[in-house]
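Trainee: here is a sequence together with a model predicted from it:
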Amino acid sequence: MTFEVFRFWDCSVSKCVAASAIDIGACERCMRHFCARHVTSSAHPCEKDPLDDASWNAAKMQELKTLRDKVQDKALLQRCSSLNGGLSCELDASDPLGKSLMGGMHIHLRIRFSNGTTWLARILRLNYTSFSDDFSNRVLESECATLKWLEKVNVPIPIPKLHGYGLRNDARNEVGVAYMLIDELPGTPLLLKQPSEGQLHKVYSQWTEYLNALHTCPLKEIGSLSFQKGNGEIEIGPIIGDRTGTFPQMGPFDNARDYYSTHAEKYLELISDGQLCSAYPINAYLIFKHLKQLAVAGRWNIFEPELDEGPFFLKHTDDKGDHILVDDEYNITGVIDWTYARVVPAFEAFGPSLLTADLNDLFNGNPGPTSNDKLITEVFKDSDILRFAAGPDLVRRFSFGLAMGMGTSLEEAKCLTRGIISTASGIPIDLDLEMWYQDRIYEWADDTRLQALLLQQGKTVKLNNEPKASISEQVPRFATCSMSDCTRAALRGMSCAKCKRHLCAEHSSDQYHNCPSSSELSDEEWEKSVNDEVWELLSHVNTHELVRIGTQLNGGKCKFERGKHIGMGAIMGCANYHGWLVFDNGERWVVRIPRTGFSDVPLDLVEYLVESEYATLKFLESTKVPAPKPFAYGLGSDPSNRVGVSYILMQALPGKPFYGYMASESQKTHVIEQLADVLIEISKNPLPSIGSLVVNKGQLVPSIGPVASNRFITLKTYGPFDTASYYLVSIIEQHLDLIADGQLYSDYPAEAFLFYFFLRQNIQYLTSTDMQGQFFLKHVDDKGDHILVDEDFNITGVIDWQFARIVPAAEAFGPSYVTADLGSLYSSNTGINSDDRILAKALHDRGADALASIAERDELMRRFHTGLASGFTKDEACDLMKGMVSCVRNEEVGDFETWVAKQSEECSGDPRWKNVQALQAKQF
């Protein structure tokens, strides 16, 4: 039977077409292979306990005798003699079966020559776990080609000289088995000794000399060395398996991304086919899919991206210590067992390897360098490859994976997974692994192989992107309701992170959705939810790359530090997580990362906000506004962004956020007076249109693009505009569309629609003639904590420019949140307050009379952009509406119900009004 996925063995049970489970399916009693289902079934009646020592030894002896019976000793000795100048030779009678030198794949027969030299006949073992003849021959030939290449390039590594070889079931091979003839090297495997630190240091010193020598022999492709057909020249061919014996061939490759992503893909195929990790296939599949994503993003490489393209270098991949032979003085006498050697990127060839690994750390998921990793770097001091050896153990840990083929338990696999995630991120991740698994299942719900595994395990598969019929796209949506067969728009900003669903107004009700809201959580539950969100976010962040970028841009070493995200001193905001790059000279940069979590906000909008904020900061560099200097940014969707998420690197400014309610009157006045200076500086830098600043690719100066949503992130991008009226009408029309489509204000859609319809009718009252044709940058989220102050309440910085936009003067310099009385703003009490007047006076005192007149005129723009806010009851929203009507028309609303009835008549001609009435009817 032909399978697209490579199979080592098929299940032995008659009529079963499943693959054998490599890690658990081989039975040492009946010497047959079984799939995961049949290995414990009645079709396999053997005892499941391992063989006892006596039985195990008896089985090995039988295997050796069977193999020795196939060896044609006379032909073997004749072959050896002819290759050694005709010297006579004999097999070592003290070990006729080769048992003393038996390894996992080979036995070794010692051959003694008359001149006292000895060779080894390195013979592939032949048993029920042996590979096919073709695969076995390719493995053997690759090792032979590797030894020949090492001899050819003349690197000073004490390798066994290859004299000859023969392949299995080759008519030209009279010896009868697959074999290699190599020198026997003296010494004892390092792994079998117990060296002191000093002795280990001596071994590592010699080993690094060998690595330095290999570094002088670059190659052009990734793969295994092999012989060309016909002429026997050495070439780079496909990678022939790996040290665990669980891997098919792949390649060759000309870049690291393809190499590592294919590596992960091969394991995904084996897991999906039931050949590996059958005890926990879903968990295994998820971590290898994660590893594949990291590979595609270039995140197996923490160094400069150009290294992905080469050059490449030979690596001994089974370098766990028994490949090194040493004498009693710990001089290296040989480097042996090159079976699965391959040509790999420099950061793998010379990075942390199994030689210096702590297997307990690997299996327990403990990230970071081992004591032996640190020890070996001490002897790399003058080496060009020190940086690889001193780097994180990404490739070692990623390649080790879940200890493939070793029958790893579920708990061990979970620990290994934690280690992989933490190592990829570069920081310890205190992750709720079960939540991580669930998040990945949700994220990759359209993966058909994952769906199949879930169904095999009896788990429900929920497709989050399955097509839904008759969805109207006339009104843009952030999301469609996740409930089965529901085609309505989901409420904006109301997605549930707990059940991972976007819900429409109807399905967000208690009848269908009973997840607790944030306000209903206990302190412990709330804290856990925040922690889980942060750990999930950090698990996607490549801090290695952030450090590399910071070091490159600032010319000094740095490290990443997590920012506090909860409790006193927390620096995480509603929209962004903040970490630090801390440099050796004490300088600190802010790492600003959007909090994406589970949200309905489209990722392209998130990225637009990031790019716009960066562009805004670049614009402010040319002004005297004390904004942080931006250094770099990246977008999550950019394949060249190896950080893995969207981010901005910016200057860390001194000071603490200003909270007006915590300051004295004199302190608050002092801050507001300085704020006047900031507004005056902004007024000196007018811009020609309304919108948000964006990065102008290839240009140093930002350009003006669409407006970056609003501070509630309920709108898409819109604009740019040449006039204030077009700008304000666009905002109003978006709200009207969204309300009528059930995406906003579902608790009082009629009243909300009437509110914005009223604003549309009175657009002429919302625009002013101030500074016509000129527009100015506005910090939209200017509620006070965007201002940093020192102990004397001097402004040290203005931060958090995420939603900044270019607006008419009435909005740029009119009353804003920083001087607002929230109690009045969120009610029907309108008018200029005392703090507004303090700002206006400060502007007058500085000669900015035009700005002052705007600041003390009215709060129309403040109330307009507050709108109906969010989280208000219907009565509270209605009170807000009264205030806005009063502010626009400068007249009090009498009986509100009468006003509603009158407005309803006036908007009856709007085709959207019928939709609103239908939404309203559903509430009753």
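Mentor: Nice, thanks for sending it over. Nothing here was measured: the structure is a model prediction, and the numbers come from that model.

Trainee: surely E28 and K48 touch.
Mentor: No. Contact criterion C-beta atoms under 8 Å: E28 and K48 do not qualify, at 10.9 Å. For the C-beta atoms, the positions are set from N, CA and C on the backbone; glycine is no exception.

Trainee: among those two, which residue is more densely surrounded?
Mentor: Applying other C-beta atoms under 10 Å to E28 and K48 shows that E28 carries more neighbours, namely 16 against 9.

Trainee: what sits against the spatially most central residue of the chain?
Mentor: Centroid-nearest residue in the chain, with C-alpha atoms, centre = their mean: H540, separated by 3.1 Å. Contacts of H540 were listed using C-beta atoms under 8 Å, 6 or more residues apart in numbering, and they are S425, G644, V645.

Trainee: hmm, 7 Å instead?
Mentor: By C-beta atoms under 7 Å, 6 or more residues apart in numbering, the contact set of H540 is G644, V645.

Trainee: do the same with T40
Mentor: Not one residue lies near T40 by C-beta under 7 Å, 6+ apart.

Trainee: go with 10 Å
Mentor: Contacts for T40 (C-beta atoms under 10 Å, 6 or more residues apart in numbering) come out as I24, F34, K48.

Trainee: swap in L91?
Mentor: Contact analysis of L91 by C-beta under 10 Å, 6+ apart lists V71, D73, L76, L77, C80, G98, L109, R110, I111, R112, A121.

Trainee: any idea of the pLDDT on the first one?
Mentor: On pLDDT, V71 comes in at 97.

Trainee: that one: neighbour count?
Mentor: Neighbours of V71 under the rule other C-beta under 10 Å: 19.

Trainee: the third one too?
Mentor: Neighbour count for L76, taken as other C-beta under 10 Å: 23.

Trainee: what of the fifth one?
Mentor: Using other C-beta under 10 Å as the criterion, C80 is surrounded by 23 other residues.

Trainee: so it touches L181, yeah?
Mentor: Yes. In this structure, C80 is within contact of L181 by C-beta atoms under 10 Å, at 6.2 Å.

Trainee: who touches both of these two?
Mentor: Both C80 and L181 are contacted by I111, W119, A121, H163, G164, V175, under the criterion C-beta under 10 Å, 6+ apart.

Trainee: how many neighbours does the fourth one have?
Mentor: So that's H163. By other C-beta under 10 Å, 16 other residues sit near H163.

Trainee: tell me the phi and psi of it?
Mentor: Backbone torsions of H163, given as degrees, to the nearest 10, read phi -100, psi -30.

Trainee: show me what contacts it?
Mentor: Counting by C-beta under 10 Å, 6+ apart, H163 touches R79, C80, S82, L83, N84, W119, L147, M180, L181, I182, D183.

Trainee: picking that back up, can you pull the pLDDT of the residue nearest to the centre of the chain?
Mentor: pLDDT, read off for H540, is 95.

Trainee: for G230, see how far away it is.
Mentor: As judged by C-beta to C-beta, to the nearest Å, H540 and G230 stand 49 Å apart.

Trainee: then L375?
Mentor: Separation of L375 from G230 (C-beta to C-beta) stands at 47 Å.
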